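Visitor: here's my sequence, what's the structure:
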Amino acid sequence: MTQFPLDRFAGLETPFYYYDLDLLKQTLNKVVEQKNKYGYHVHFAVKANANPGLLAEIREAGLGIDCVSGNEVQCAIDNGFDPQKIVFAGVGKADWEIKLALEAGIRCFNIESLPEVEVINEIAGAMNKKATVAMRINPNVDAHTHQYITTGLEENKFGIGLTEVESVVSAIMKLNNIELKGLHFHIGSQITDMGAFQALCTRINELQKWFEANKVKIEIVNVGGGLGIDYEHPDQNSIPTFEEYFNVFHKFLELRDGQEVHFELGRAIVAQCGTLITKVLYVKEGKKKKFAIVDAGMNDLIRPALYHAYHKIENLTSKAATEQYDVVGPVCESSDCFGQAVVMPQTKRGDLIAIRSAGAYGEVMSSRYNLRPIAPTIFS
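Guide: Here you go, the predicted structure:
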């Protein structure tokens, strides 16, 4: 449960991101405990949050890094992660990004198309290197989550289709500078239905039989990430159900001798430890509602505008009777709204507002829209 140090907040300019490092450490301890139980490997999806203060804790916990850009690869290296714990995914890897990853000696490229692996082969050959790759296969498994963060259906841009597997494997085997060592999957994000992960296991098991029958040895089975969090009850459920999550794969995934299982968790690790702290500028009386206009905007936290995402919103400084407010920002967009009909204690100018569960896809997606500054960060 996050405890907010209001005495420290009193003298600070808002908005800012506040990170509860104690909660992050507790979350990491639970991840490490459960992954070690089964001998699994976990890479933190740095796209969720690249704050160096958080990455230091993640590195100390022994996790690797999952990257989706060359700059994320460089970020992982700059923050002291072992290149052999770095994996690199993404549908559109540029030549310079591939060269950077090869020079760094990363563990694996998660490749998403035949044209991509042919380019990696060409670049690796010119550098006199061999690239280890895992095929990202689109398993056509419905994650039952928001359409923008579903990645495992046939109509999504990600991965190699099931009908293409045989031809792509055949082509890869002819490439001199490529070593196919793994399979990679990722069906989406903010998944709370464990049945979706069980369905993924079933599809992986089917594919493994094909690879075995065709005498293609697979050393790495990377099941991606996607485990969701409880946005509605961040204090009661501050740490996700890692035990249940990892147990699904232990129970239903049929492994061959010597195979490693890798995960790419992001949101589940950092979301609950982060809060966007903002201040009320004005309370505006509408005909049918009240608006609490705060100094944070959609440029600071875009998830509600982009995904209609829910974040619990709390008034940290008022103890009055509750009222309903639409909590909105100052950006010149009607979508600059953090929550509608939010029940809070009676709110006035100067009150501090906490927008919870903002540690994932908050700070890292910030922009300078309306030429607003990037919000600073503070730590517990």
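Visitor: mind giving me the packing neighbours of the host helix or strand of Ile277?
Guide: Here Ile277, judged by DSSP states H and E, is contained in strand 274-285. If you count contacts as 3 or more CB pairs under 8 Å, 6 or more residues apart in numbering; DSSP states H and E, strand 274-285 packs onto strand 16-19, strand 290-294, strand 352-355. (C-beta placed from N, C-alpha, C; glycine too.)
Visitor: low-confidence ranges, this protein, go.
Guide: 1, 142-157 (pLDDT under 70).
Visitor: now the farthest one out in it, which residue is it?
Guide: Lys287 (39.9 Å; CA atoms, centre = their mean).
Visitor: include mean neighbour count when you put the helices and strands packed on strand 274-285 into a markdown table, please.
Guide: Putting the helices and strands packed on strand 274-285 into a markdown table (neighbours: other CB atoms under 10 Å) gives the following:
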| stretch | mean neighbour count |
| --- | --- |
| strand 16-19 | 22 |
| strand 290-294 | 21 |
| strand 352-355 | 24 |
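Visitor: the nearest residue to Ser113 once chain neighbours are set aside - how many residues pack around it?
Guide: Nearest residue to Ser113 in three dimensions, chain neighbours excluded: Ile160, at 6.5 Å (CB to CB, 6 or more residues apart in numbering). By other CB atoms under 10 Å, 21 other residues sit near Ile160.
Visitor: again with Tyr231
Guide: Neighbours of Tyr231 using other CB under 10 Å come to 18.
Visitor: tell me the SS of it?
Guide: coil (DSSP: H, G, I helix; E, B strand; the rest coil).
Visitor: Pro304 is in contact with that one, correct?
Guide: No: taking contacts as CB atoms under 8 Å, Tyr231 lies outside contact range of Pro304: 10.8 Å.
Visitor: what is the lengthiest helix in the chain packed up against?
Guide: Taking DSSP state H as the criterion, the chain has its longest helix at helix 194-213. Helices and strands touching helix 194-213, by 3+ CB pairs under 8 Å, 6+ apart, are helix 165-172, strand 178-184, helix 242-252.
Visitor: in a markdown table, list the ones you listed along with mean neighbour count and distance to Ile355.
Guide: Shown next, in a markdown table, are those (neighbours: other CB atoms under 10 Å; distance: least, CB to CB, whole Å):
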| stretch | mean neighbour count | distance to Ile355 |
| --- | --- | --- |
| helix 165-172 | 15 | 43 |
| strand 178-184 | 21 | 33 |
| helix 242-252 | 17 | 25 |
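Visitor: nearest to Gly62, out of the ones you listed?
Guide: Ranking the helices and strands packed on helix 194-213 by distance to Gly62, with CB to CB as the measure, places helix 242-252 first at 15.0 Å.
Visitor: how far away from the center of its chain is stretch 207-226?
Guide: 24 Å (CA atoms, centre = their mean, to the nearest Å).
Visitor: can you give me the end-to-end span of that stretch?
Guide: 21 Å (CA to CA, to the nearest Å).
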